[in-house]
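A.B. asks: Structure of the sequence below:
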Amino acid sequence: MKVLLAAAEVAPLAKTGGLADVAGSLPKALKERGIDVRVVMPKYRGVAERAEAPLKRIGTATIPLGAQAASIGVLQTSIAGGEVPVYLIERDEYYDREGLFGHPDDLKRFTLFSRAVTAVPGVTGWEPDVVHCHDWHTGIVPVYLKRLVTGLRPATVYTIHNLAYQGTFPKSATDVLGVARGSTAFHDLEMGEYLNFMKAGIVAADRINTVSERYAGEIQTREFGEGLEKVLQWRGDALEGILNGIDYDTWNPRTDTEIAATFGPDDLSGKAKCKQALQADMRMPARNVPVIGIVTRLAAQKGLDIVEAVIDELLAADLQLVLLGTGEPRYHSLFEKLAERLPDKTGIRLAYDATLARRIYAGSDLFLIPSRYEPCGLTQMISLAYGTIPIVRATGGLADTISERGPDGNGFVFFEYSPDALLAAVDRALAAYRDTQRWTALLRNAFACDFSWEQSAERYENMYRCAIAARGA
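C.D. replies: Take a look at the predicted model:
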């Protein structure tokens with residue numbers, strides 16, 4: 001089986017969030033299953049410096065961009081120790097700039113990329129059986145392959161990582177997309193007064209999935225459907241949830257060279273050193289109190305509104321709070337003031353810092369993820385790998401991975417999205433921390449968790465086969 005995975009970001013070449021982690025890790029697991037998987041992404045600024053192999057020019061192509069034609073270069077590098085080829089779409093006018101997303105011309109940038117995905121087989125001479133598209137940036141690829149491109153008929157799979165980001169543009173965008181008003185392709189895209197890339201992927205792909213079982217059900221409801229719930233209900237027979245995984249070669253406290261000391265379940269002395277180092281990093285006193293870590297985007301979706309509502313009560317307990325992230329100005333202001341007011345109890349870093357994130361996973365005792373919704377979440381899986389116990393709201397992938405019940409409990413869970421429910425869960429976690437026997441059991445269960453890609457990769461392979469069968473039908 002040959003699979004071309006198309007994503008706007010792929011770790012370690014370019015990353016802003018969890019999409020990149022998935023696009024960088026899943027191909028490795030698929031390769032281990034004998035699948036000939038290759039990746040395609042834009043050639044952003046800095047990719048060449050982060051690539052593990054020198055960039056090799058494969059060829060060029062001229063593709064339509066509205067009424068005009070645009071030339072692109074196709075270069076090749078690799079990820080996963082050279083096992084997975086990566087094709088890079090080169091057009092410096094659109095991709096050689098600071099920041100991956102949020103530019104005024106994102107419509108053109110990702111329309112060009114989507115058109116380029118369909119051109120890759122012609123340039124490389126390698127034709128996939130399946131094109132696997134991710135999030136709104138590639139939502140129009142199934143439309144192009146199904147409605148507009150002749151001669152290339154791979155099956156298509158479309159993965160929704162976060163339904164809230166849909167890629168909506170005015171109907172005048174048809175000029176850029178090369179889609180005629182009133183055509184079938186236009187109706188695939190049309191959503192009210194706008195054109196919607198994510199809706200197009202949902203409608204046109206042969207199979208659809210999202211990144212946890214729970215989220216697959218949630219997005220078919222009005223509460224979580226973001227206006228697309230009826231479209232998702234209509235495609236319900238083709239929709240499934242497949243939980244993301246993490247790469248334990250990357251997230252392993254036994255071998256991690258970026259943390260203060262390595263450790264594992266049989267020897268936690270290194271974790272104690274990591275805690276002391278984290279307290280020093282964040283300029284907090286080295287006290288033997290529970291440290292709660294947060295690594296997140298600063299937004300209401302992530303539950304920071306209910307954290308804000310109880311922050312004084314939370315910090316009245318004998319604990320320390322460490323936070324890393326960037327996002328909405330209101331939360332920057334909140335945590336800046338908190339750091340000034342309670343420097344001994346808080347360590348706040350309003351930045352993106354991948355190394356510090358690792359040190360927070362390793363040095364914290366508890367990890368707080370109070371999201372209003374969370375399609376999958378990777379941070380709870382990573383924290384478990386580092387013996388850090390999650391406190392989560394029961395939504396999406398958080399509900400699928402963290403349990404407070406029974407002898408196999410691996411964290412603390414609250415169900416109602418409210419400040420009081422959050423605070424009660426933190427109180428239960430603090431009580432467990434003070435109970436040596438219970439805390440030891442929690443740590444044992446955390447280290448025993450296995451959220452590797454192996455099982456998920458098998459499910460993706462099965463979904464690819466279903467997509468091929470659906471396209472053949």
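
A.B. asks: which ones are touching Val39?
C.D. replies: By Cβ atoms under 8 Å, 6 or more residues apart in numbering, the contact set of Val39 is Leu4, Leu5, Ala6, Ala7, Val10, Ala23, Pro27, Ile79, Val84, Pro85, Val86, Tyr87. C-betas here are computed from N, CA, C, even on glycine.

A.B. asks: mind putting these in a markdown table, distance to Lys56 and pLDDT included?
C.D. replies: Shown next, in a markdown table, are these (distance: Cβ to Cβ, whole Å; pLDDT from 0 to 100):
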| residue | distance to Lys56 | pLDDT |
| --- | --- | --- |
| Leu4 | 18 | 98 |
| Leu5 | 19 | 98 |
| Ala6 | 20 | 98 |
| Ala7 | 20 | 98 |
| Val10 | 17 | 97 |
| Ala23 | 21 | 96 |
| Pro27 | 18 | 97 |
| Ile79 | 14 | 94 |
| Val84 | 15 | 96 |
| Pro85 | 10 | 97 |
| Val86 | 11 | 98 |
| Tyr87 | 10 | 98 |
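
A.B. asks: Can you show me the CA trace of the longest strand along the chain as PDB?
C.D. replies: Assignment by DSSP state E gives strand 68-79 as the longest strand of the chain. The C-alpha coordinates for strand 68-79 follow below in PDB (Å, rounded to 0.1, in the frame of the first residue of the first chain):
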ATOM      1  CA  GLN A  68      -3.300  32.100 -13.500                       C
ATOM      2  CA  ALA A  69      -0.600  29.500 -13.500                       C
ATOM      3  CA  ALA A  70       2.000  29.100 -10.700                       C
ATOM      4  CA  SER A  71       5.300  27.300 -10.900                       C
ATOM      5  CA  ILE A  72       6.500  25.200  -7.900                       C
ATOM      6  CA  GLY A  73       9.600  23.300  -7.000                       C
ATOM      7  CA  VAL A  74       9.400  19.900  -5.400                       C
ATOM      8  CA  LEU A  75      12.300  19.000  -3.100                       C
ATOM      9  CA  GLN A  76      12.900  15.900  -1.000                       C
ATOM     10  CA  THR A  77      14.300  15.200   2.500                       C
ATOM     11  CA  SER A  78      13.300  12.700   5.100                       C
ATOM     12  CA  ILE A  79      12.100  12.100   8.700                       C
END
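
A.B. asks: Report the strands that pair with that strand, each with its relative direction.
C.D. replies: Here strand 68-79 has these sheet partners by DSSP bridges: strand 56-65 (antiparallel), strand 84-90 (antiparallel).

A.B. asks: just for the stretch 351-473 of the chain, where's the confidence low?
C.D. replies: Along the stretch 351-473 of the chain, segments meeting pLDDT under 70 span 473.

A.B. asks: rewinding a little: what's in contact with the longest strand of the chain?
C.D. replies: Contacts of strand 68-79 (Cβ under 8 Å, 6+ apart): 10, 12-13, 24, 27-28, 39, 43, 47, 51-64, 84-91, 112, 115-116, 119-120, 123-124.
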